[in-house]
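1. Any chance you could fold what I've pasted below:
(chains A and B)
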Amino acid sequence: MNPQFIMDGLIAGAIIGLGAVGVTLTYSILRFSNFAHGELLSWGAYLALAVAGALGTLSAGLTKPIAPFSFGWALPLAAVIAIGLTGLLALAVDALLFSSFRRRGSAIIIMVMASFGASLALRSLLEFLFTSRPAYFTKALQIAMKLGGGLRATPDQLLMLGVTLVSVVTVHLLMTRTDIGRAMRAVSENPALASIAGIDVRRVIRTTWFLGAALACVAGIMSGLLIQIRPYIGHDLLLPLFAAAILGGIGSVPGAMLAGLIIGLCEALAVQAVGAEWRAAVSFVILIAVLLVRPRGLFGKAS
Amino acid sequence: MTGSILSTSGLVAGYEPDLPIVHGIDFSVASGELVVLLGPNGAGKSTFVKAIAGLVPIHAGTMLLNGRDITHVAPHRKVAEGLAFVPQTENVFATMTILENLQIAVAHLAKAKRAAAIEALFARFPDLAARPSRLAGALSGGQRQMLAVARALALDPPVIILDEPSAGLSPKIVSEVFEMLKAINASGVTVLLVEQNVKAALAIASRAVILAEGRIAHEGLPQDLASDPLVGKIYLGTAHDHQKAPA
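-> Predicted coordinates:
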């Protein structure tokens, strides 16, 4: 067996893990499965593409690749702006759709169905604006470097693994060492108690949307940079994202990341062992197995 | 004692607008009082105090804290205004440590003042100071109550409301909890206490109010209510055998 599956799995797992962190945060605090989360990945990637294109038009120097990577300064600058814009998009969807259901005390199933609707609307809008043809941040070719042990990776791939690590550590520190992180955990455990402990629950909800969307944007940009940008990138990742969030234990940031890596590695292993057509089945099998054997996941709290 | 610090006027509250549990209660607590709210199960005691705290919708009436209308103020803003509430159950963040529970409670203070505020709470509740990194979910019932009360006192509120703090505790711990409440009241904090433990509650209260069917049925001095056989029999379940009517 070619050991390269480890690198392929880690890279796929990093994208899944980052997206799953957003899923686990929104699920644990907003208390419903947001099936529109995948669309935030897609929108994040396209927003970054649009902003990077605009920056490149303003200054051609920004598109000149930063050695050894395949992209110029336009992409990191666009990523920062796209993170903010994706966060604002999530807040807008919440303000227009989910907040009214929350105010009415709607059942969870209504929120879930609304998220399906939001997912369809966001994806259709994306296809309308950008068409469904694949797009690329860069068309520069990169040669994979030998890393030892039969593993190879491009500089872009290694950078994305580093970005993932920094993102997850940052979110973990935010959740455990800051006022807003403690407030998010408190709301996740008991919103009523949180409110009488002086926590502004609505502010926590807004922060959760923004943070989840920001991570989705980073995952979308990573996917776009390492593979390609399509309106369906988020939709296609939805099952692995939820499988990772559930395997990691709802509410656990390190759990979601670790589970994302596990799912990415399992997918890559399945591609080598039984064929690429089975890749999508891996997340489904893991999801069912976890729900049957350990519903609270690796790091979830027992209910 | 001075003037009213907390009052309600015609307060109607309940989870559904067409099914009120609290029916137009006019009520007030004077600054420095320790008022105990008694009554049979289902009388609306917990709903009433939860409505004051902002956890149950208010459908009519008004509520004043220190003369300010807080009827429709969000629960977290009521905390900042000086109204602390300790629920009967699930009153600590079980998956967080003792220290994290207190850090949440002092988050409204300026950063420079937070460490001193937590130290002051640890000095007041030394049991909590022993292992601040312990998960709140691993604490005993009495320790949880202490942590819940410590959390509520973190911002030095002028008023604290407690919903059955003795529920589910052993008799020894119950007496410790009531001693703690007496001490809190003696330090100048106005206390509104919902209790089922009538005898112990009346022993520390400065005034008692009895609720029945979402309305105030009786109020008065604790000793008067305790010695009134009719009140005891009908509302408090404290009637003695010799007070029963002959067959």
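
2. While we're on residue B:237, how confident is the model there?
-> Confidence at residue B:237, expressed as pLDDT, is 64.

3. meant to ask about residue B:246
-> Value for residue B:246, per-residue pLDDT: 38.

4. next one: residue A:181
-> For residue A:181, pLDDT reads 96.

5. Which pLDDT value belongs to the residue nearest to it when sequence neighbours are not counted?
-> Of all residues not flanking residue A:181 in the chain, residue A:175 sits nearest, at 3.9 Å (C-beta to C-beta, 6 or more residues apart in numbering or on different chains). Any C-beta I mention is one placed from the backbone N, CA and C, and that applies to glycine too. pLDDT recorded at residue A:175 is 94.

6. Contacts only, for residue A:175.
-> A:181-182, A:184-185, A:253 (C-beta atoms under 8 Å, 6 or more residues apart in numbering or on different chains).

7. in what helix or strand does it lie?
-> helix A:155-177 (DSSP states H and E).

8. send the alpha carbons of the following helix or strand past that helix over as PDB?
-> Proceeding N to C from helix A:155-177, the next assigned helix or strand is helix A:179-189, under DSSP H and E. Output of helix A:179-189 as PDB, limited to C-alpha atoms (Å, rounded to 0.1, in the frame of the first residue of the first chain):
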ATOM      1  CA  ASP A 179     -14.800  35.500  28.300                       C
ATOM      2  CA  ILE A 180     -16.600  34.900  25.100                       C
ATOM      3  CA  GLY A 181     -15.400  31.300  24.900                       C
ATOM      4  CA  ARG A 182     -16.500  30.500  28.400                       C
ATOM      5  CA  ALA A 183     -19.800  32.300  27.600                       C
ATOM      6  CA  MET A 184     -20.200  30.100  24.500                       C
ATOM      7  CA  ARG A 185     -19.600  26.900  26.600                       C
ATOM      8  CA  ALA A 186     -22.000  28.100  29.200                       C
ATOM      9  CA  VAL A 187     -24.800  28.800  26.600                       C
ATOM     10  CA  SER A 188     -24.100  25.400  25.100                       C
ATOM     11  CA  GLU A 189     -24.600  23.700  28.500                       C
END
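
9. picking up where we left off before, and the angle from the helix holding residue A:175 to helix A:179-189?
-> 80 degrees (axes from the mean of the first three to the mean of the last three C-alpha atoms, to 10 degrees).

10. List the buried residues in helix A:155-177.
-> Buried residues in helix A:155-177, defined by neighbour count with 16 or more other C-beta atoms under 10 Å in any protein chain shown: A:155-161, A:163-164, A:167-168, A:171-172, A:174-175.

11. now stretch B:118-126
-> B:118, B:121-122, B:124-125.

12. would you turn the residues you listed into CSV with distance to chain A?
-> Shown next, in CSV, are these (distance: C-beta to the nearest C-beta, whole Å):
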residue, distance to chain A
B:118, 13
B:121, 14
B:122, 18
B:124, 18
B:125, 16
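
13. one step back: mind giving me the PyMOL command for buried ones among the contacts of residue A:175?
-> Listed next is the PyMOL selection for buried residues among the contacts of residue A:175, using 16+ other C-beta under 10 Å:
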select buried, chain A and resi 181+182+184+185+253
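
14. Show the pLDDT at residue A:105.
-> pLDDT, read off for residue A:105, is 86.

15. ugh, wrong one, I meant residue A:279
-> pLDDT, read off for residue A:279, is 87.

16. Check the offset of the helix or strand encompassing it from the chain's centre.
-> Assigned by DSSP H and E, residue A:279 belongs to helix A:279-293. From the chain centre to the centre of helix A:279-293 is a distance of 19 Å (C-alpha atoms, centre = their mean, to the nearest Å).

17. Excluding its own residues, what touches that helix? List them.
-> Residues contacting helix A:279-293 (C-beta under 8 Å, 6+ apart): A:239-240, A:242-244, A:246-247, A:262-263, A:266-267, A:270-271, A:297.

18. now do stretch A:128-140
-> A:46, A:48-49, A:52, A:65, A:70-71, A:75, A:221, A:224-225, A:228-232.

19. Next: stretch B:145-153.
-> With C-beta under 8 Å, 6+ apart, stretch B:145-153 has contacts from A:197, B:84-87, B:91-92, B:98, B:101-102, B:104-105, B:121, B:124-125, B:127-128, B:136, B:139, B:160, B:162, B:165, B:169, B:173, B:177, B:180, B:184, B:189.

20. Is any residue of stretch B:3-16 near chain A?
-> No - remark: stretch B:3-16 sits outside contact range of chain A, by C-beta under 8 Å from any C-beta of the partner chain, the gap being at least 9.7 Å.

21. could I have that stretch exported to PDB, CA atoms only?
-> The C-alpha trace of stretch B:3-16 is given here as PDB (Å, rounded to 0.1, in the frame of the first residue of the first chain):
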ATOM      1  CA  GLY B   3     -38.100  51.400  51.500                       C
ATOM      2  CA  SER B   4     -39.000  48.900  48.800                       C
ATOM      3  CA  ILE B   5     -36.100  47.600  46.800                       C
ATOM      4  CA  LEU B   6     -38.000  45.100  44.700                       C
ATOM      5  CA  SER B   7     -41.700  45.200  43.900                       C
ATOM      6  CA  THR B   8     -44.300  43.800  41.500                       C
ATOM      7  CA  SER B   9     -47.600  45.300  40.600                       C
ATOM      8  CA  GLY B  10     -50.400  43.200  39.100                       C
ATOM      9  CA  LEU B  11     -47.800  40.700  37.800                       C
ATOM     10  CA  VAL B  12     -49.300  38.100  35.400                       C
ATOM     11  CA  ALA B  13     -46.800  35.500  34.200                       C
ATOM     12  CA  GLY B  14     -46.700  32.000  32.700                       C
ATOM     13  CA  TYR B  15     -45.200  30.000  29.900                       C
ATOM     14  CA  GLU B  16     -48.200  30.500  27.700                       C
END
